[in-house]
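Student: kindly generate the corresponding structure for this input.
(one chain, ligands or ions: 1)
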Amino acid sequence: MKKLLNSILLFLMVFAAEAAKKTNVIIILSDDQGYGDFSCHGNPILKTPALDNLHDQSVRFSNFHVSPLSTPTRSQLLTGIDAMHNKASTVLSGCCRMDRNLLTMPEVFSQNGYKTGIFGKWHLGDNYPDRPMDHGFDKCLWIKGWGLMSEMEFDNDYYKTRYMDSLTIIQSNEYCTDLWFQKSMEWMEEMHDKGEVFFTYLALNAPHGPFYAPREDFMSYCKNLDEKTASFFGMIQNIDKNVGKLMQWLEIKGMAKNTIVIFMNDNGGTGGIQVYNANMRGAKGDIYDGGHRAACFIHWAGGNLGEPRTIDYPSEVQDIFPTLIDLLELNIDPQYRFDGISLKPVLLNQTGTDRMFIVQQGTHVNPAKYNSCIVWNNWRLVGKDELYDITTDAGQLTNLAQQRPEIVSQMKAYYENWWLTVYSANAKYIPLVVGDPASNPVILSSSDWIGAGPNTQWDIALAKDEPNGYWVIDAKVGGKYRIELSRWPFHLNRSLTVMGPSMTVGGTSIRPGKALAIVSGCVSLNSKNPVEAVSQTIDATKITIEMDIPAGLNTLKAFFKDKEGNYICGAYYVKIEKVF
Ligand SMILES: [Ca+2]
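Tutor: All right, here's what the predicted structure looks like:
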């Protein structure tokens, strides 16, 4: 009898594991939407009926934290490891690439038989070996940099979005958010028809600025709001419509029950906080709750998560990866360690363990100690000496540090231990690879300068500069390299000395900026005397310099001069090719 029961039990366990393995996963991450930019969170003007519906049918984490900025939230989501440990810790300064040895979410899904797809914004490195296809995604429809009109997507357009299918550049006629949803559904349908189970990462670039909404969505808000806010809310309304379509489509295709849908936003509020900020203090970039508290809706109609409800257990974006592994019983080396924890017990109505975690601001190469928020249930230690109880003081206005020194000292002790693991790990960043036959040449741009290099269309056009900016490169082989310096993105094929284009590829106006009297270009390797070359023709689009680069780590600085030999600005784009 016992044997029979054991067999039945084993059968049920295998059955449950198989059922879990057939569960698809869709993570939707919006860009620069704040916690307050949902009508279900109390926004008095913005209407988000589909997100409200998803909220109502989901388990919601109401004390959920991301990073104050895009890149670290993405690296933490995909690795389950703190940004200060995975090294993609901020935007700019070469700090947007992940430690290449870490396991990523798409890699683990792949190893467990899933097909994996990204649709949208990656923001964890534009070049080999840091692209989405280098980190485990099978299907990659993506854009570079922080999004449309970043320095690499200089002339891209919200209404007619240009994107890459793997490395093939495709010009669409679609509005960006519509494109990502539509293409992801086409791919998911194809996978579903083939009997494949899938992991879809819908990494939207909206409602990140500049604010361009579809006209009909802008019209919903323009009567009572200024143009910028109306456009921002319009962009969210468009996301909302697409979420509604996706959920309906999952029903029609019979996938609603066996698909986990997670919706999150990636940092604090931006374009809508003057209307509503859910009573929080701070915005994107801040260490107060307004900078990093985010929505997290987990919807699994066929799962056993119980009734839709709100959970105030403290949770962070690093928890999502271990939670999915746990919920879906994915195979992974049991020794592998995450900084996040599995939320499965909490999702199954058990009591979560007492925990603290840290939201660290990752400014430039080395983060500043205590430029952080420590989260411990209702407590927040902001910086070194501001203590808030968010149950009675959501707006973080009354500092309780003097009254509760015992709480402060426990939180600081936790931070001090954590800091020991951070500083040494983060003193290094992930260098850019050049001279690898797998990807030669490579194009580098100013957003990867060490220092705050320009990373927007308008800053490039207006010739904003960071005079001490340089790249850190890892030359896979030593020897002769050809380095081309350009003022404009190479695909524009534009003269060094003229203004920039005044239109995007879709016909939207952009800033042409200013013309520069560039006559020569210089490259300095490892702070040595620069090698200089003069522009060959009056309308040259680039200046080429050949030089030997030793194998391994090097610094490379490139800049332009006028005819008197005066420094003008850095070369925003360089193409580096190993000459074999
Ligand atoms: Ca963002």
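Student: neighbours of the residue nearest to Tyr158 when sequence neighbours are not counted, how many?
Tutor: Once flanking residues are discounted, Tyr158 sits nearest to Tyr212: 3.8 Å by C-beta to C-beta, 6 or more residues apart in numbering. C-beta here means a position set from N, CA and C on the backbone, and glycine is covered the same way. Neighbours of Tyr212 under the rule other C-beta atoms under 10 Å: 23.
Student: ok, the residue in the chain positioned nearest to the ion - contacts?
Tutor: Distances between the chain and the ion by C-beta to the ion are smallest at Ser70, namely 3.4 Å. Shown in contact with Ser70 (C-beta atoms under 8 Å, 6 or more residues apart in numbering): Asp31, Asp32, Val91, Lys121, His123, Trp146, His208, Asp266, Asn267.
Student: from these, which land in strands?
Tutor: Secondary structure from DSSP state E places Lys121 of these in strands.
Student: what's the host helix or strand of Asn417 packed up against?
Tutor: Assigned by DSSP states H and E, Asn417 falls within helix 405-426. Contacting helix 405-426 under the criterion 3 or more C-beta pairs under 8 Å, 6 or more residues apart in numbering; DSSP states H and E are the following elements: helix 83-86, strand 357-360, strand 372-376, strand 379-382, strand 386-389.
Student: what does it contact?
Tutor: 82, 84-85, 87, 89, 356, 358, 360, 362, 365-367, 369-370, 372, 374, 376, 379, 381, 384-385, 387, 400-401.
Student: now which of those would you call buried?
Tutor: 82, 84-85, 87, 89, 356, 358, 360, 362, 365-367, 370, 372, 374, 376, 379, 381, 387, 400-401 (16 or more other C-beta atoms under 10 Å).
Student: coming back round to it: other SSEs contacting the very next helix or strand once past the helix holding Asn417?
Tutor: Going down the chain from helix 405-426, the next helix or strand is strand 432-434, by DSSP H and E. Counting contacts by 3+ C-beta pairs under 8 Å, 6+ apart, strand 432-434 is packed against strand 442-445, strand 471-475.
Student: any chance of those strands in a markdown table, plus distance to the ion and mean pLDDT?
Tutor: Below are the helices and strands packed on strand 432-434 laid out as a markdown table (distance: least, C-beta to the ion, whole Å; pLDDT from 0 to 100):
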| stretch | distance to the ion | mean pLDDT |
| --- | --- | --- |
| strand 442-445 | 19 | 98 |
| strand 471-475 | 24 | 96 |
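Student: pick out the lowest-pLDDT one from the contacts of Ser70.
Tutor: The lowest pLDDT within these belongs to Val91, which sits at 87.
Student: who's in contact with it?
Tutor: Leu69, Ser70, Thr71, His123, Trp146, Ser447, Asn455.
Student: in the lengthiest helix in the chain, what counts as buried?
Tutor: If you go by DSSP state H, the chain has its longest helix at helix 227-252. Neighbour-count burial for helix 227-252, counted by 16+ other C-beta under 10 Å, picks out 229-244, 246-247, 250.
Student: tell me where the stretch 101-250 of the chain has helices.
Tutor: 105-111, 176-193, 215-219, 227-252 (DSSP state H, counting those that start in this stretch).
Student: could I get the first one in PDB with only the CA atoms?
Tutor: The one in question is helix 105-111. Extracted as PDB, the C-alpha positions of helix 105-111 are listed here (Å, rounded to 0.1, in the frame of the first residue of the first chain):
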ATOM      1  CA  MET A 105      17.100  34.600 -16.700                       C
ATOM      2  CA  PRO A 106      16.800  33.800 -20.500                       C
ATOM      3  CA  GLU A 107      19.800  31.400 -20.100                       C
ATOM      4  CA  VAL A 108      18.100  29.500 -17.400                       C
ATOM      5  CA  PHE A 109      14.800  29.400 -19.200                       C
ATOM      6  CA  SER A 110      16.700  28.200 -22.300                       C
ATOM      7  CA  GLN A 111      18.400  25.400 -20.400                       C
END
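Student: many thanks, we can stop here.
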